[in-house]
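Trainee: Quick one, what's the 3D model for this:
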Amino acid sequence: MSRTVRPRRSALYLPASNARAVDKARSLACDVVILDLEDSVAPEAKVEAREGAVAAVREGGFGGREVVIRANGLDTPWGRDDLAAAAKARPDAVLVPKISAPEDLSAVRTALGEHLPIWAMIETCAAMFRLDALGAESANVGVEAWVIGSNDLAKEMRCTLTVGREPLLAALSLSLMAARAHRLAILDGVYNEIADAEGLARQCAQAAAFGFDGKSLIHPSQVEAANAAFTPDSTAVAWARTVVGAFDLPENAGKGVLKVEGRMVERLHFAEAKRLLGVAEAIAAREPA
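Mentor: Predicted structure coming up:
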């Protein structure tokens, strides 16, 4: 699958049955629009939501935003029809919930056909004990990203979801390690308290410090905080340019370690600097000057 750098700082869930909300998303500053057929849609509205998601993808108008359809699980009455409809509509990816075993990913790939990218929700206790196997199968079947489902995981654990998410810290860090081991993007879970701007900012900062690529969101008012937290700051970008420039000098070709502005810099820092510059450039290309 392609490894083109795309900013995924803010991934906004919208019920696909709400045409007005979907239309508004075309002008929001979020990097990813997730047309939801699952949690935010009542059983009686599932078919309407599926039709709305397909229509929105076909209509387009989302600019540089990735458009993802979140299907219902294959173990529900709607899941297979959701995947069949998504396969025809061709969004940028399909997000599938409750991925707990490698076989779940294989079944999704079979249902979707060969080429449509998959995103996977990591949100069950069972998944936590299969993260490496899930990562390996994700790479095998064309999964591009994992998304933490913190609400479902906390519910299954029967733990309390605080701003600091102390009960979930092990799950978050292990999920992130597994994603990185298998070269997957990974997005943090949602923050439920829409009116709590301070708590949202704290949790976004926590997720950025962990190393997540971005955060999934439940309300347009949360987009700005997520974008701010996951945008590389100007100091970091300037240092990355310095590191890349130093390693790119002809006299430094093949060197593993350099002294740059009084600091020892290794090839691993060179690779990370190039990655960070790629992210910063992708964000700049998304946003108006």
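Trainee: how far away is Ser27 from Val33?
Mentor: 11 Å (C-beta to C-beta, to the nearest Å). Heads up, the C-betas are built off the backbone N, CA and C, glycines and all.
Trainee: Those two: who's more crowded?
Mentor: Neighbour tally, Ser27 and Val33, criterion other C-beta atoms under 10 Å: the higher count belongs to Val33, 26 against 10.
Trainee: The more buried one reaches Gly63, doesn't it?
Mentor: No - applying C-beta atoms under 8 Å, one finds Val33 not in contact with Gly63, separated by 10.0 Å.
Trainee: I'd like to know the average pLDDT value across stretch 162-181.
Mentor: Stretch 162-181 comes out with an average pLDDT of 98.
Trainee: and it, C-alpha only, in PDB?
Mentor: Taking only C-alpha atoms (Å, rounded to 0.1, in the frame of the first residue of the first chain), the coordinates of stretch 162-181 have been written out as PDB:
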ATOM      1  CA  THR A 162     -10.500  10.200  33.300                       C
ATOM      2  CA  VAL A 163      -8.900  13.000  31.400                       C
ATOM      3  CA  GLY A 164      -5.500  11.300  32.100                       C
ATOM      4  CA  ARG A 165      -6.900   7.900  31.200                       C
ATOM      5  CA  GLU A 166      -4.700   6.200  33.800                       C
ATOM      6  CA  PRO A 167      -6.400   2.800  33.400                       C
ATOM      7  CA  LEU A 168      -5.700   2.800  29.700                       C
ATOM      8  CA  LEU A 169      -2.100   3.900  29.600                       C
ATOM      9  CA  ALA A 170      -0.800   0.400  29.100                       C
ATOM     10  CA  ALA A 171      -3.300  -0.300  26.300                       C
ATOM     11  CA  LEU A 172      -2.500   3.000  24.600                       C
ATOM     12  CA  SER A 173       1.200   2.500  24.600                       C
ATOM     13  CA  LEU A 174       1.200  -1.100  23.600                       C
ATOM     14  CA  SER A 175      -1.200  -0.400  20.800                       C
ATOM     15  CA  LEU A 176       1.000   2.400  19.500                       C
ATOM     16  CA  MET A 177       4.100   0.200  19.700                       C
ATOM     17  CA  ALA A 178       2.500  -2.600  17.700                       C
ATOM     18  CA  ALA A 179       1.300  -0.100  15.100                       C
ATOM     19  CA  ARG A 180       4.700   1.400  14.700                       C
ATOM     20  CA  ALA A 181       6.300  -2.100  14.600                       C
END
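Trainee: for that stretch, which positions count as buried?
Mentor: By 16 or more other C-beta atoms under 10 Å, the buried positions in stretch 162-181 come out as Arg165, Leu168, Ala171, Leu172, Ser175, Leu176, Ala178, Ala179.
Trainee: What lies in contact with that stretch?
Mentor: 122, 128, 131-132, 134-135, 146, 148, 150, 153-154, 157, 159-161, 185-186, 188, 196, 199, 202-203, 206, 210-212 (C-beta atoms under 8 Å, 6 or more residues apart in numbering).
Trainee: residues in contact with Ala282?
Mentor: Val5, Arg6, Pro7.
Trainee: so which strand or helix has it?
Mentor: Here Ala282 sits within helix 267-286, counting by DSSP states H and E.
Trainee: ditto for Ala86
Mentor: Going by DSSP H and E, Ala86 is part of helix 79-89.
Trainee: just to revisit the earlier point, out of the contacts of Ala282, which is most surrounded?
Mentor: Among the contacts of Ala282, the one with the most neighbours (other C-beta under 10 Å) is Pro7, at 26 neighbours.
Trainee: Distance of it relative to Cys204?
Mentor: Taken as C-beta to C-beta, the span from Pro7 to Cys204 is 14 Å.
Trainee: can you map out the helices along the chain?
Mentor: 19-25, 46-59, 79-89, 102-112, 125-128, 131-141, 150-157, 169-181, 197-210, 223-230, 234-248, 267-286 (DSSP state H).
Trainee: Tell me which of these sits most buried.
Mentor: Ranked by mean neighbour count, those are led by helix 223-230 with a mean of 22 (mean count of other C-beta atoms under 10 Å).
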